[in-house]
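**Q** how would this look folded up:
(one chain, ligands or ions: 2)
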Amino acid sequence: MENNLPVNVREYQELAKKALPKMAYDYINGGAEDEHTLRENIAAYGRIILRPRVLVDVSKIDMSTTLLGYNMPSPIIVAPTGGHKLAHPEGEKATARAAASCNAIMVLSSGSSYKIEDVASSCNAIRFYQLYVYKWREVSERLVRRAESCGFKALVLTVDTPMLGRREADIRNKMVFPPSANLEELKKINVDTTGGSQLEGFARATLDPSLSWKDIEWLKSITTMPILLKGIAVEAGVAGVIVSNHGARQLDYAPATIAALEEVVKAVAGAVPVLVDGGIRRGTDVFKALALGARAVMVGRPVFFGLAARGEAGARHVIEMLNGELEVAMALCGCRSVGEITRSHVMTEGDRIRSLL
Ligand SMILES: Cc1cc2nc3c(=O)[nH]c(=O)nc-3n(C[C@H](O)[C@H](O)[C@H](O)COP(=O)(O)O)c2cc1C
Ligand SMILES: CC(C)CC(=O)C(=O)O
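**A** Ligands and ions are numbered 1, 2, ... in the order given. Predicted coordinates:
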C-alpha cells in the first residue's frame, strides 16, 4: 500500500471507509437530518469557477500567511474534531504530530480522546483549544485554564451547538463515543440514551443551551487567550470569527459556508480575521475561500480520514496534499503569494447571475 498512496482526499475517504467500523465512519462522515447542507458544503465550491492569469513568473510560490500574529507556512488549519481514538489508537497525539510536522495549527477539540496535557507534550507546535460550554461553568473554566497553562495560544468557542444536531446515522447505529479524557468529571452524569445516539444524550445532558452573547464576557474574564467564535456570522469584540456550520452536522438547511463567507467578510470589514470551514477537499477550494476573503481555512473530515487510513502519516499526507494542491492552484492562477489572490480570481454563481442582468 505504501507504494500506492492515495493521491487526493477522496481516496483517503475510501480507505477510511474500508478501515473503520461502520459506526465510526458514519459518525465522522455524517451530517444532520437530510444532509442537504452536507452536500451543499461541497457542491457550492463546485459552482465557483477560477479565473487564471498567465505569463506571470510563478517560479516561487509563497503560501505563508499570519493569524493572530503567528506565522503559518500555509493558510490550512486542522479543525477541531472529537474522538480521534475512533480512527486510531494514538488519536489526537498522532494528529498533533502530523500537524506539527507541517507547521500547521491544530485546534484541539473539547471532545478529544486524549488529555490536553498529553497532546501538548506529544510535540512542539502552535495549538488552539476548542471549547464547549457545559452546564457547570467550572468544568469549562478548568479546561480553559489547563489549555492556557499547556501553552495553547487561542480559544475557539463553538457557538453552534447548544445541543447536538440530529445525525440520523448515529441514532440508528446507537453511536457510542469514545471516553473524552478531559471530561472525567462528567462521567458520573446520567445520560438518557433512549434517543439512540449516546453522544447526543451526553451532549443534551452536559452542554449549556443557555449560552449567549453575555457569556463571551465571562470567557474573557477567565482567560488572556484571544477568542475566536466558531459557527457564527457576526462579531462581538472577539479576535476572529470562523464561518462554519459545523461540517453540516448541526442545522440542516443552513447555507453552505462558502456561500455565506463573502457576506460575513463584508460585515466584519477587516476588523478581525475571518476563517471558513466545511467542504474543503481540494487546494482549489482553499484558493476560492481566500479569494472570497478568508484569512485561513480549517479542514475537519479530510484529516480524520487520513488518520483512520494511515495514522499519523496519513493525517500528515492529507495536509501535505492540500498544501501541494494549493501551490499548483496559485501557480496556475498566476498568484505568487496569498496576498495576490483576489476577488477577481473567482466567479461565483452570484457573479454569473449579475452578469446576465
Ligand atoms: C467527526 C467530527 C467531529 C467534530 N467534532 C467537533 C468538535 O468537537 N468541536 C467543534 O467545534 N467542531 C467539531 N466538528 C466540526 C469541525 O470543527 C468542522 O467545523 C467541520 O468538520 C468542517 O467541515 P469538513 O469536515 O467538511 O472539513 C466535528 C466535525 C466532524 C466531522
Ligand atoms: C460533541 C463533540 C464531542 C463532537 C462534535 O462536535 C461533533 O460530533 O460534531
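**Q** in which helix or strand would I find Lys266?
**A** Using DSSP states H and E, Lys266 sits in helix 257-268.
**Q** that helix and ligand 1, are they touching?
**A** No. Helix 257-268 does not reach ligand 1 (C-beta under 6 Å from any ligand atom); its nearest approach is 8.0 Å. C-beta coordinates here come from the backbone N, C-alpha and C atoms, glycine included.
**Q** okay, now the sheet partners of the very next helix or strand once past that helix, with direction.
**A** Heading C-terminal from helix 257-268, the first helix or strand you meet, by DSSP H and E, is strand 274-277. If you go by DSSP bridges, strand 274-277 pairs up with strand 240-243 (parallel), strand 296-299 (parallel).
**Q** so which elements touch the helix holding Lys266?
**A** helix 36-46, strand 240-243, strand 274-277, helix 283-291 (3 or more C-beta pairs under 8 Å, 6 or more residues apart in numbering; DSSP states H and E).
**Q** export the ones you listed to a markdown table and tack on distance to Arg53 and mean pLDDT?
**A** As requested, the helices and strands packed on helix 257-268 are arranged in a markdown table below (distance: least, C-beta to C-beta, whole Å; pLDDT from 0 to 100):
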| stretch | distance to Arg53 | mean pLDDT |
| --- | --- | --- |
| helix 36-46 | 21 | 98 |
| strand 240-243 | 27 | 96 |
| strand 274-277 | 24 | 98 |
| helix 283-291 | 12 | 99 |
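**Q** out of the ones you listed, nearest to ligand 1?
**A** strand 274-277 (4.0 Å; C-beta to the nearest ligand atom).
**Q** do that closest one and ligand 1 meet at all?
**A** Yes. Counting by C-beta under 6 Å from any ligand atom, contacts between strand 274-277 and ligand 1 involve Asp277.
**Q** so who does the residue in the chain that ligand 1 sits nearest to touch?
**A** Using C-beta to the nearest ligand atom, the single residue of the chain nearest to ligand 1 is Gly300, 2.1 Å away. Taking C-beta atoms under 8 Å, 6 or more residues apart in numbering, we find Gly300 in contact with 79-81, 247, 277-278.
**Q** give me the most central residue, the chain.
**A** Ala79 (2.6 Å; C-alpha atoms, centre = their mean).
**Q** can I assume that residue is in contact with Ala104?
**A** No. The criterion here is C-beta atoms under 8 Å, and Ala79 misses it with Ala104 at 10.9 Å.
**Q** shared neighbours, these two?
**A** If you check Ala79 and Ala104 against C-beta under 8 Å, 6+ apart, no residue is contacted by both.
**Q** confidence score at Met330?
**A** Met330 is assigned a pLDDT of 98 by the prediction.
**Q** oh, I was asking about Ile232
**A** 75.
**Q** pretty sure it sits against Asp160.
**A** Yes. Contact criterion C-beta under 8 Å: Ile232 and Asp160 qualify, at 7.2 Å.
**Q** and for these two, which residues touch both?
**A** Going by C-beta under 8 Å, 6+ apart, residues that sit against Ile232 and also against Asp160 are Ser244.
**Q** residues of the stretch 201-350 of the chain that sit close to ligand 1?
**A** So far as C-beta under 6 Å from any ligand atom goes, the stretch 201-350 of the chain lies against ligand 1 at 230, 244, 246-247, 249, 277-280, 299-301, 304.
**Q** run through these and flag the ones next to ligand 2.
**A** Applying C-beta under 6 Å from any ligand atom to these, those adjacent to ligand 2 are 246, 249.
**Q** for ligand 2, what are the nearby residues on the stretch 51-200 of the chain?
**A** 82, 111, 161.
**Q** got any ranges where the stretch 201-350 of the chain has weak pLDDT?
**A** 233-235 (pLDDT under 70).
**Q** from what I can see Leu229 touches Val159, true?
**A** Yes. Assessed by C-beta under 8 Å, Leu229 is found in contact with Val159 at 5.5 Å.
**Q** just put the strands paired with strand 274-277 in JSON lines and tack on mean neighbour count.
**A** Shown next, in JSON lines, are those (neighbours: other C-beta atoms under 10 Å):
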{"stretch": "strand 240-243", "mean neighbour count": "27"}
{"stretch": "strand 296-299", "mean neighbour count": "27"}
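**Q** the inter-axis angle of the helix or strand Arg354 falls within versus helix 36-46?
**A** Here Arg354 sits within helix 349-356, counting by DSSP H and E. Going by axes from the mean of the first three to the mean of the last three C-alpha atoms, to 10 degrees, helix 349-356 is angled at 60 degrees with respect to helix 36-46.
**Q** run the chain-centre distance for helix 349-356.
**A** With C-alpha atoms, centre = their mean, to the nearest Å as the basis, helix 349-356 stands 30 Å off its chain's centre.
**Q** look at the closest residue to Ala100 other than its chain neighbours and give its secondary structure.
**A** Take Ala100 and drop its neighbours on the chain: the residue closest to it by C-beta to C-beta, 6 or more residues apart in numbering is Ala125, 3.8 Å away. The assignment at Ala125 comes out as coil when based on DSSP: H, G, I helix; E, B strand; the rest coil.
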